[in-house]
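> starting from these lines, generate the structure:
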Amino acid sequence: MERKALAPKRIIDINGKLAYAEGFQSWNLLRLKKEIVDEFPQLKEKRSNFSYKLIFCRNHEELLNHIKKLKNDSVMPMLMWMYKES
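The predicted structure is shown next:
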């Protein structure tokens with residue numbers, strides 16, 4: 001299966017929520033906001049398949065090493081933070 005990276009046209013800075021999935025009994029659903037779908041219109045293609053790649057670094061040094069390796073990549077990575085709200 002060939003994977004083609006989606007690239008934004010502009011900087012996207014939004015806050016969103018995780019949703020609880022009863023079947024998995026965990027907070028594992030990401031609901032994409034309208035701004036993301038507007039930026040990536042490919043996500044509206046119902047017959048297409050999409051996937052993601054997540055790299056979780058445990059410290060800043062690991063993260064910087066991964067960033068240095070990305071210089072040869074054509075697409076910029078997406079940064080994501082997860083918060084527990086009170």
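
> show the average pLDDT along the helix or strand hosting residue 67.
Using DSSP states H and E, residue 67 sits in helix 60-69. For helix 60-69, mean pLDDT rounds to 89.

> just how off-centre is that helix within its chain?
Taking Cα atoms, centre = their mean, to the nearest Å, the mean C-alpha location of helix 60-69 is offset from the chain mean by 18 Å.

> identify the residues contacting that helix?
Residues from elsewhere that reach helix 60-69 (Cβ atoms under 8 Å, 6 or more residues apart in numbering): 55, 57, 77. (Glycine included, C-beta is placed from N, CA and C.)

> switch to 6 Å and redo it
55, 57 (Cβ atoms under 6 Å, 6 or more residues apart in numbering).

> what residue ranges in this structure score low on pLDDT?
Applying pLDDT under 70 to the chain flags no residue at all.

> how about the strands in it?
For the chain, strands defined by DSSP state E occupy the ranges 18-21, 26-30.

> nearest to residue 6, out of the ones you listed?
strand 26-30 (14.7 Å; Cβ to Cβ).

> packing partners of the closest one?
Where contact means 3 or more Cβ pairs under 6 Å, 6 or more residues apart in numbering; DSSP states H and E, strand 26-30 is packed against strand 18-21.

> what helices or strands is the strand it packs on leaning on?
strand 26-30.

> ok, and the closest non-adjacent residue to residue 32?
residue 43 (6.9 Å; Cβ to Cβ, 6 or more residues apart in numbering).
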